[in-house]
Every structure is written in C-alpha cells, then in structure tokens.
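Asker: only geometry, no sequence info:
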Ligand code: SF4
C-alpha cells in the first residue's frame, strides 16, 4: 500500500505578551516553570502515541507553532522530533519552528539544528517601533537586527519572515524597507498577511472604543499588489495568497494543509485531520495537562479543503473537487462560480479552476463569499 504524506503539528502555547490582534490560543507568561514544560512534554508524547496508532500515512513534515515555540526548552522540540521520526514510514523532510526575534537564542538554535530542525519561520511583522506598538508586539531593536545572523551562524539557511500589511500608519516606504532588509538577511520565504481584526481581540476592543484606528481596505489592497510585484521582480514566486518563496523553498507543511492531506495536531487547542475527520483539542491548558482534554469535532472538512485549495495560486482539478464536495455542493459551487467568473475573480478552463489576479487581491472577501454559499 502506498502511504500518503502527512504532517504533524505541535502547539506550544506560551508567549511573552499577548499581541493585540492575536486570536490564537496563546498564554502570556514571561516565565514558564520547568515543571509545566515537563508535564506538557509528557502529554504531547502521550498524545502522539495515541493518535499514531494504525496510522494510514507517512509523516514528512513536523511543524512547531504557537504561541512562541522558540520560548520552549530545546529538549521538548528534540524529543518530539525523535518520536515523530520513529513513527512507521516517517521520512521527515521539513521540521519547522515558529519563532520571535526576542526569544531566539544562538545556543538553542545550534542544539535544535543538531536535533533535526531545518526550517525557522520568524514573526517579524514590521521593523517600525510605531507599527509594532499598534500591533501590541514587543520590540527589541538588537534582537531584530541580529535575527538572521543568528540563524545563519547556527547553520540554518531555510528561514522565512512573516510580515503584516495594512496596519494604520504603515507606509509603503516602510514595507519596502522591511522587505529589503529581509532579502539582505537572505530569507528564502516571505509571508505577507493582511491585518484582520478578529472578534474578541484586544485590537477589536481598542477600535470599538475609539482608542485605535481601523485599517483601510484600499491601503491593504494596494500594499498587497505592490508586495507581490516587488517580490516577483526579485525571484520570489507567489504560491499562495499570502506566501512567496524562492525556488525549492515553498513550505511543505502548509501545502499539506492546503492539499487536504492528513495531519496530526498535538497540544492544547491543536486541530487534527485523520481518516476524513477533523477534530480539535479543547482550549484549556489545565484540562490538557490533566489529560482530560476531550476532542471536539469540527465541521465540514471538505469546505476547509476547498478554501485551502483556492488559496493556492496553481490550477486545481474540478474532478477532485467534485469527489470531495459531493454532487449537491459541487453544483452549488458551479452556480457561484459563474458569477465569480463573470466578476473576473476566478477562471475555469479545461476542468480546472484557479483564482485570477483580481481574485488573489480580494482573496479574503472571495473566500468568505464561497464559504457562506457552501455552508448554507
Ligand atoms: S506571538 Fe504570535 S501567538 Fe503569541 S500572542 Fe503574538 S501573535 Fe499570538
């Protein structure tokens, strides 16, 4: 039997502070007791054992997300890499850790590399102190300045930088300055997300009370277009709505998600997709540590996949989509598709569909329209 590639995601929930726009499950704690790390590690390993019984797939990618995984003691990451690498059929090609500049330590990085870490995704968001203040993020000028050098010195050359576009007050000159700085730092991958005001975040409260301004859609849109042009001219290919990479540096892990491959999610609040079922762990650290975290089933994995495949910039097969959505939902999609095609947001040709340039620039709105239509 040919085993399909699958991903493993590990959620490490602690952050130094809670960013204003963040709606991930993260806990603001500068210092985490060693005892908590030990208990968390034990639960992760236990959960991996349970979820990998009768596994129908081969792990090719492992991703440590958060939270701020670079805050975790390296042995946790090392132990998880070792355990995943020992799963039947495992062929780990990509092992990624999310990081913030402030918590990246040279010594830890060298150790992590020796354990098998081969990719780091750094949350930069901006290098402007004013913009970072709006986003409610920490800013330590020295750690930003040294971040790429630390990675290179540790022998890690596959690294990505995340930026946020559309923040009020963010000028295009600053965006270009940030991108140029990242390119000089030899990043191989850039994620340029648009600022979204999520419900129940500190940013939403600040905007509602008038303490902060809201970003303008036009600013967001223009910045997206200019970033795409800028990175294109410098050899980066846009392979997803918000993601750009040099040749051979596309994130394998993200593509597994977007291509509807299975994944095991470990840790508090983590999602899994195994044997056609999507589940989520409960969002409570205490419950997770006590082992009483029940799995909550999440709805409509096929729509999630569809949205994921639309986000990819390449052509997607309509036949595969039909198999996935079933007859009725597929018809629903074709009905909306005519309108979307007329508005030049998607293109359908030779049994394939893909987003147009205009669709890419309006991706969030477009995906929402499709999700709403299919979910009804
Ligand atoms: S560092 Fe990331 S996960 Fe942590 S609070 Fe900020 S946005 Fe959320």
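Answerer: Structure's in. What do you need? Everything quoted here is computed from the prediction, not taken from an experiment.
Asker: mind checking the SS state of residue 163?
Answerer: strand (DSSP: H, G, I helix; E, B strand; the rest coil).
Asker: my guess is it meets residue 192, correct?
Answerer: Yes - using CB atoms under 8 Å, residue 163 is in contact with residue 192, at 5.0 Å. C-beta: built from backbone N, CA, C; applies to glycine.
Asker: Any residues of this structure in contact with the ligand? List them.
Answerer: Within the chain, the positions near the ligand by CB under 6 Å from any ligand atom are 15, 18-19, 22, 24, 26, 66-68, 100, 123.
Asker: just the buried members of these?
Answerer: Neighbour counting over the residues of the chain next to the ligand (16 or more other CB atoms under 10 Å) leaves 15, 18-19, 22, 26, 66-68, 100, 123 as the buried ones.
Asker: before we move on, back to that, taking the residues of the chain next to the ligand one by one, which sit in strands?
Answerer: Among these, DSSP state E puts 15, 66, 123 in strands.
Asker: Hmm, which of the residues you listed is lowest in pLDDT?
Answerer: Among these, residue 66 carries the lowest pLDDT, at 92.
Asker: Which residues are in contact with it?
Answerer: 11-15, 24, 26, 98 (CB atoms under 8 Å, 6 or more residues apart in numbering).
Asker: Under a three-state scheme, what state does the closest residue to the ligand within the stretch 251-376 of the chain occupy?
Answerer: As assessed by CB to the nearest ligand atom, the ligand sits closest to residue 269 within the stretch 251-376 of the chain, at 11.0 Å. Put simply, residue 269 is coil when judged by three-state DSSP.
Asker: Tally up the residues packed near residue 21, please.
Answerer: Neighbourhood size, residue 21 [other CB atoms under 10 Å]: 22.
Asker: Tell me the spacing between it and residue 189.
Answerer: Going from residue 21 to residue 189 by CB to CB, to the nearest Å gives 22 Å.
Asker: wait, the residue of the stretch 251-376 of the chain closest to the ligand sits on residue 9?
Answerer: No - look at residue 269 against residue 9 with CB under 8 Å: they stay out of range, at 10.7 Å.
Asker: show me where the stretch 201-350 of the chain has strands.
Answerer: Assigned strands in the stretch 201-350 of the chain, in chain order: 237-240, 243-245, 263-266, 271-274, 277-281, 295-297, 316-317, 346-349 (criterion: DSSP state E, counting those that start in this stretch).
Asker: a markdown table please, covering those strands and showing mean neighbour count and distance to residue 324.
Answerer: Output for the strands of the stretch 201-350 of the chain, formatted as a markdown table (neighbours: other CB atoms under 10 Å; distance: least, CB to CB, whole Å):
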| stretch | mean neighbour count | distance to residue 324 |
| --- | --- | --- |
| strand 237-240 | 18 | 19 |
| strand 243-245 | 24 | 22 |
| strand 263-266 | 24 | 17 |
| strand 271-274 | 20 | 13 |
| strand 277-281 | 17 | 13 |
| strand 295-297 | 12 | 18 |
| strand 316-317 | 16 | 10 |
| strand 346-349 | 15 | 16 |
